[in-house]
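> dropping a prediction and its sequence here:
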Amino acid sequence: MTTLLITHPCFVDHDTGPGHPERPDRMRAIDKVLAHDVFKDLEREEAPLRDDVEEQIKLAHSVEYLEKIRAVATGPISRRTHIDSDTVISAGSWEAALRAVGAGLRAVDAVIAGDAANAFCQVRPPGHHAEDDRAMGFCLFSNAAIASHYARAKHGAERVGVVDFDVHHGNGTQDIFWSDKDLFYGSTHQMPLFPGTGALNETGVGNVFNAPLRADDGGEAFREAFESRILPALHNFGPDLVVISAGFDAHEADPLANLRLVEADFMWATEKLAAMAATHSNGRIVSMLEGGYDLTALARSVAVHVKTLMDVGA
């Protein structure tokens, strides 16, 4: 089986404005690197605009919140509307947000059906800061959380584990999973840093495992956190599906934080999660893009992540 890449041209139409770090050029940088011959065997699909997408969004978000975002995104927008100081909606954002969710749903369908070994969803806007009833941190809908709920509702997956190595804590995923013992959330992240959550003592119902790192921590500390806290907890949980919130802003070149990871660290983490998936979930992995704001570092990090998914799925 092959690795499935899911993306769409509309993701560049989500216009966050001049100087915003979560910008359309992120998609262009990834497109360029994934056009290399080494990725010729990737199976490629466009992120769908599904008839059921809003029903699936309601698995993780309140009806009132969905209607609020719809009203803003489909209303009269001259150029851009700020939901908060960081989170922007433009005329192209509604389709992009729905297709970002749709990418995760399609990836779950393909991986669970065995049509793909694993999948990478190259999407924006990202999702892991979006809470049940609040947009924040560049995020509108919680893509990974919605995909996880969908895997259970549609395909009968009993336990879904999300592992998040974005440099910022995924408060939204944690919030949505907080009281559900059959959903796992594990995160490595810099702390203190936006959004201010992610402490060791935030444990949900025993299903949340945070491994905060300090500014200037590098690969050694990151790997130790993975091996001492995240991986043992995920192993004990025994996921039927592994979902990765794949943020690459912990890279040493990223302008928004102060961790010191390099491409080899992301490759290592991907290999470790793939081994866990092989043990518990027949290798099933759905990876969803989150952060990463230095374009060169983002492209190189995505490249090693996707190539590793291809190698383990071959």
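Looks like it arrived, so ask away.

> going along the chain, name the helices of the protein.
25-34, 53-57, 63-74, 93-113, 143-155, 171-177, 219-225, 231-237, 263-280, 295-313 (DSSP state H).

> relative to I244, which of the ones you listed is closest?
helix 263-280 (6.1 Å; C-beta to C-beta). Just so you know, the C-beta spots here come from the backbone N, C-alpha and C atoms, and that holds for glycine as well.

> buried ones in the closest one?
Neighbour-count burial for helix 263-280 flags 263, 265-270, 272-274, 276-277, 280 (criterion: 16 or more other C-beta atoms under 10 Å).

> so which elements touch that helix?
helix 219-225, helix 231-237, strand 241-246, strand 285-289, helix 295-313 (3 or more C-beta pairs under 8 Å, 6 or more residues apart in numbering; DSSP states H and E).

> so which of the ones you listed is nearest N118?
Of the helices and strands packed on helix 263-280, nearest to N118 by C-beta to C-beta is strand 285-289, at 4.0 Å.

> pull that closest one out as CSV, backbone CA atoms only.
Extracted as CSV, the C-alpha positions of strand 285-289 are listed here (Å, rounded to 0.1, in the frame of the first residue of the first chain):
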residue,chain,number,x,y,z
ILE,A,285,-2.0,6.6,10.8
VAL,A,286,-3.7,9.8,9.8
SER,A,287,-1.3,12.8,10.0
MET,A,288,-2.7,16.4,9.9
LEU,A,289,-0.6,19.5,9.3
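
> still on that earlier bit, make a markdown table from the helices of the chain and add mean pLDDT to it.
Shown next, in a markdown table, are the helices of the chain (pLDDT from 0 to 100):
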| stretch | mean pLDDT |
| --- | --- |
| helix 25-34 | 98 |
| helix 53-57 | 98 |
| helix 63-74 | 96 |
| helix 93-113 | 98 |
| helix 143-155 | 98 |
| helix 171-177 | 98 |
| helix 219-225 | 98 |
| helix 231-237 | 98 |
| helix 263-280 | 98 |
| helix 295-313 | 97 |
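
> make a markdown table out of the ones you listed and add distance to N201.
Putting these into a markdown table (distance: least, C-beta to C-beta, whole Å) gives the following:
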| stretch | distance to N201 |
| --- | --- |
| helix 25-34 | 34 |
| helix 53-57 | 30 |
| helix 63-74 | 27 |
| helix 93-113 | 30 |
| helix 143-155 | 22 |
| helix 171-177 | 13 |
| helix 219-225 | 16 |
| helix 231-237 | 15 |
| helix 263-280 | 24 |
| helix 295-313 | 30 |
